[in-house]
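Novice: the following block contains a protein sequence and its predicted model.
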Number of protein chains: 2
Amino acid sequence: MLNPPARNFSALTTDLYEVTMACGYWNAGVSDYEAAFHVTFRENPFAGEFTVACGLATAIDFLRAFRFDETEIDYLASQLGNDGKPLFSVGFLDYLRSLRLACEIDAVPEGTLVFPNEPLIRVCGPIIQCQLLETALLNILNFESLIATKAARVCLAAQNDPVIEFGLRRAQGVDGGLTAARAACVGGCAGTSNLQAGQQFGIPVSGTQAHSWIMFFENESEAFQTYAKAMPNNCVFVVDTYNSLDGVRHAIDIARRLRQNGHEMIGVRLDSGDRVALSIETRRMLDKAGFTNAKIVCSGDLDEHAIADMKRCGAKIDIWGVGTKLTTGQPDAALGGIYKLGAVRRPGGQWQYRIKLSDERAKTSVPGLLQVRRLHQPDGRFVADAIYELDHRASKPCVIVDLQTEQETEIPASMEYSDLLVPIFRKGRLVYQVPDLAASREHTRQQLRCAHAEILRLNNPTPYKIGLERSLHQLRSTLIARAKEQSK
Amino acid sequence: MLNPPARNFSALTTDLYEVTMACGYWNAGVSDYEAAFHVTFRENPFAGEFTVACGLATAIDFLRAFRFDETEIDYLASQLGNDGKPLFSVGFLDYLRSLRLACEIDAVPEGTLVFPNEPLIRVCGPIIQCQLLETALLNILNFESLIATKAARVCLAAQNDPVIEFGLRRAQGVDGGLTAARAACVGGCAGTSNLQAGQQFGIPVSGTQAHSWIMFFENESEAFQTYAKAMPNNCVFVVDTYNSLDGVRHAIDIARRLRQNGHEMIGVRLDSGDRVALSIETRRMLDKAGFTNAKIVCSGDLDEHAIADMKRCGAKIDIWGVGTKLTTGQPDAALGGIYKLGAVRRPGGQWQYRIKLSDERAKTSVPGLLQVRRLHQPDGRFVADAIYELDHRASKPCVIVDLQTEQETEIPASMEYSDLLVPIFRKGRLVYQVPDLAASREHTRQQLRCAHAEILRLNNPTPYKIGLERSLHQLRSTLIARAKEQSK
């Protein structure tokens, strides 16, 4: 599989307020102050207890191409304030014209399992640049992580059966389908129906025939026979246009003729009805007729729960085609990632930590420049994650504090660990070797293997242990107290 | 507002099976047979009783640009069947190289209210072309109609207040956000935060500052003051970073200074907390301080239900910023539009009708070439819709048959009517003057005005009366009986 080619991103992939703030910093003369922002999220999607980080390769494409062109500058120059005068100063627009990415960016590799409040990406650099990147980074990481997580759940439910992403027709736009196919592949899908995703990302594509093929002909047998003659090396017959088991009988008849001509039917597709019962009977019919290698493909309104239920009931399915609910990340449709300011510093100065209060203490932001330490057993199994601040020495042994309960957990000093965020950009230059899609998918698979089964359960999973390293927790408590004092 | 510029669509925006079927038709020598397909859906989204048709302008862009380029042909040529030999024949690939749209396409204009089982678009032409267009048409119409419908619901809840689409950061990809901003505008939104949508579609953009601006400075007053100095003609202060009512007090202080310098604060934004109570108190404070024209903007986890509730409780909000749930069409995330074959004919022959059976009789497809007749009162109010087949004369007076209940309703012959689908392409040439976005939005507004209030209710709406014109219903019943007979 390929790396995604650089896509045609616009620097206007942003909200107006990012640019008004950027102009505000510029006009106020503080645009060379530095800031540290993190993308994090508060809740795992799909009522699960894990999230698969995804979107970094796409974000890197965006960041490498980050420029304002003249048509974009012209558009901004045309915007007016409430006094009818230009919204953006000429000096600021000149700055945008010459803007080149100068940030230091660290991120977790695609396919890494991540958990609430952990940074997926850290952006340090001129406040004005950090602000301009916010919306696009959130858009890319939110969507791809959502879909990669959904795909991982679907693939877990399917056990070792291949899952094919089928959802382009119901996707949120053409690029929504393309990007979802990519993220679904990172999450574990074996292929897609989406040809553009096949072309751009090298994802294996599959598909054969729809009901319309069957309906075009006078009857199902004629439809199957004509297909077998026209496309003998791609025969997966969709059998439910009229009656699924009749369809299987017709498919077997045609498969016999195919075999006489030196071809093999790939299989049949069940798209409606009681697919547990139908698949058991279909398997029996295929085996009896000597087509023991023929595959049974199942499609139609599937998700991880439907697949798990069908498996539990003994369905004999070889390949799962999953569409709408995977490709649009139902029922959640969005991961609620946020981009929070952790610290600022004047040129040459020290970092000053920042915090945003919330009615709920757990929702108050986490200050500083953050890194995640993943603690694991000698066999690689994850035990807990500690979020720590780069300039605060970790206590030994490491003690992590839960953000909700404030409960402390001591991690034995002997525990092995690794830090999750790795350098991506230094002074605006890419310093990261972007893995190809197959490597990212393999990374997801390894991460899932290293997670304890109880956090991966589809229903009633156990939360993974994660918290702030104690000295970061103390820093945050001090800042909360100070902010409350000041706001009085 | 502008027409969308032609976008860079790929002919590979499709599922592999569309192309294998197309190749099958070609190899079988029936590629010049004609077919008639319709895009329809079975259920209105959001538990509502109406859908706003949207996406036609985007679909027209796709159709006008519909070509296979050499890289796409090369990609297809590289695909192999299960015998390791090429999947696609050389002749078929040559056909694709020279393919030019030759279809007759009719559709309902954007902004038209549509209902289950009604065709949004009818595609008649060579079966091979109809098949190749399926996935992209579904993708475009499904997504944009979903979002336009959501936007219409949100705008209905907001009564006459402007609604701004704010959801790019949580959208399903960059283009998901861009396309959603367009569809939200057709549905009734007054603006967007998305600059690219502003640039490409001419949608008014708005936005001022986020919490990060406030957090960058030592305290809120300094943050507001610096912004007011830097961007005096764009002041909407976000007041909830520390405490919302303190924030309002600080905003009023700054607004007084602004006014002394000849500028006016636009308003304040409430983004969290009890925004009913906060808005009432904020309005009181603003009015008392002499800022009776200052706007109160409300944002944060809004949808039609939240807005309706807040209105009912007396919230004093002037502008609503609606993000994630609008831009991703939650809770549904997808409209389940389908593309069904209604008829086929050999070159120079008569149309032969086609049907797909289903376990549920109401889900069985509707045969023929379909049009929708909307019956209305002299004042324009819609009364009922009759789906009819072009070659079947309507009974007089028109009798419509409900697909679920099979109940018949007679429509007085005196009733006025209009047909919803209009010609878009003839022999592959665009014959339709695409309205600009403002005109489509106005069309939505007029359509909503012509709908009886009970079908527009957010909760427990009454279904609109819609059915098959009696002679079409008889045709369908005959075909169902025949198909059941044949499948025995």
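Specialist: Arrived safely. Numbers count the residues shown, from 1 in each chain, chains lettered A, B, ... in the order given.

Novice: residues from the stretch 251-400 of chain A in reach of chain B?
Specialist: Taking CB under 8 Å from any CB of the partner chain as the measure of proximity, the stretch 251-400 of chain A contacts chain B at A:263-264, A:266, A:272-273, A:324, A:328-331, A:333-337, A:339-341, A:344, A:354-359. In this view, the C-beta of every residue, glycine as well, is placed from N, C-alpha and C.

Novice: may I see the PyMOL selection of the buried members of the residues you listed?
Specialist: Only the buried members of those end up in this PyMOL selection, burial being decided by 16 or more other CB atoms under 10 Å in any protein chain shown:
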select buried, chain A and resi 263+264+266+272+273+324+328+329+330+333+334+335+336+337+339+340+341+344+354+355+356+357+358
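
Novice: so which of the residues of the stretch 251-400 of chain A next to chain B are in helices?
Specialist: residue A:324 (DSSP state H).

Novice: among the residues of the stretch 251-400 of chain A next to chain B, which ones are in strands?
Specialist: Among these, DSSP state E puts A:339-341, A:344 in strands.

Novice: nearest to residue A:385 among those residues?
Specialist: Nearest to residue A:385 among those: residue A:340, at 17.9 Å, using CB to CB.

Novice: let me see the contact set for the closest one.
Specialist: By CB atoms under 8 Å, 6 or more residues apart in numbering or on different chains, the contact list for residue A:340 reads A:37-38, A:40, A:356, A:365-366, B:212.

Novice: what sits closest to the residue nearest the centre of chain A if chain neighbours are left out?
Specialist: Nearest to the geometric centre of chain A sits residue A:145, at 1.9 Å (CA atoms, centre = their mean). Leaving aside its chain neighbours, residue A:145 sits nearest to residue A:54 (4.8 Å; criterion: CB to CB, 6 or more residues apart in numbering or on different chains).

Novice: which ones are touching the one you found?
Specialist: Residue A:54 sits in contact with A:110-111, A:141, A:144-145, A:147-149, A:183, A:186-187, A:440, where contact means CB under 8 Å, 6+ apart.

Novice: do the same with residue A:383
Specialist: Going by CB under 8 Å, 6+ apart, residue A:383 touches A:375-377, A:411, A:415, A:465.

Novice: measure it to chain B for me?
Specialist: Distance, residue A:383 to chain B, by CB to the nearest CB, to the nearest Å: 32 Å.

Novice: ok but that residue is inside a helix, no?
Specialist: No - read with DSSP: H, G, I helix; E, B strand; the rest coil, residue A:383 is strand and lies in no helix.

Novice: which stretches of chain A aren't confidently modelled?
Specialist: When residues are selected by pLDDT under 70, those of chain A lie in A:1-8, A:487-488.

Novice: that one - how does it break down into domains?
Specialist: In terms of domains, chain A is parsed into A:149-327, A:365-420+A:452-488 (source: automatic domain parsing).

Novice: can you say which of those domains is packed in most?
Specialist: Greatest average neighbour count among those goes to domain A:149-327 (a mean of 22), per mean count of other CB atoms under 10 Å in any protein chain shown.

Novice: so what's the residue of the stretch 151-300 of chain A found nearest chain B closest to, chain neighbours aside?
Specialist: As assessed by CB to the nearest CB, chain B sits closest to residue A:233 within the stretch 151-300 of chain A, at 2.6 Å. With CB to CB, 6+ apart as the measure, residue B:81 is the residue that lies nearest to residue A:233, at 2.6 Å, once sequence neighbours are left out.

Novice: what is the nearest of the contacts of residue A:340 to residue B:24?
Specialist: Nearest to residue B:24 among the contacts of residue A:340: residue A:40, at 49.5 Å, using CB to CB.

Novice: tell me where the stretch 201-350 of chain A has strands.
Specialist: A:236-238, A:267-270, A:295-299, A:319-322, A:338-345 (DSSP state E, counting those that start in this stretch).

Novice: before we move on, back to that, can you give me phi and psi for the residue nearest to residue A:233?
Specialist: For residue B:81, the backbone dihedrals (degrees, to the nearest 10) come out as phi -90, psi -170.

Novice: let me see the contact set for it.
Specialist: Applying CB under 8 Å, 6+ apart to residue B:81 gives the contacts A:231-234, B:87.

Novice: adding distance to residue A:389, write these out as CSV.
Specialist: Shown next, in CSV, are these (distance: CB to CB, whole Å):
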residue, distance to residue A:389
A:231, 60
A:232, 63
A:233, 59
A:234, 56
B:87, 55
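
Novice: kindly indicate which of those residues lies nearest residue A:460.
Specialist: Using CB to CB, residue A:234 is the member of the contacts of residue B:81 that lies nearest residue A:460, at 42.1 Å.

Novice: spatially, what comes nearest to residue A:302 if we skip its sequence neighbours?
Specialist: Spatial nearest neighbour of residue A:302, excluding adjacent residues (CB to CB, 6+ apart): residue A:322 at 4.7 Å.
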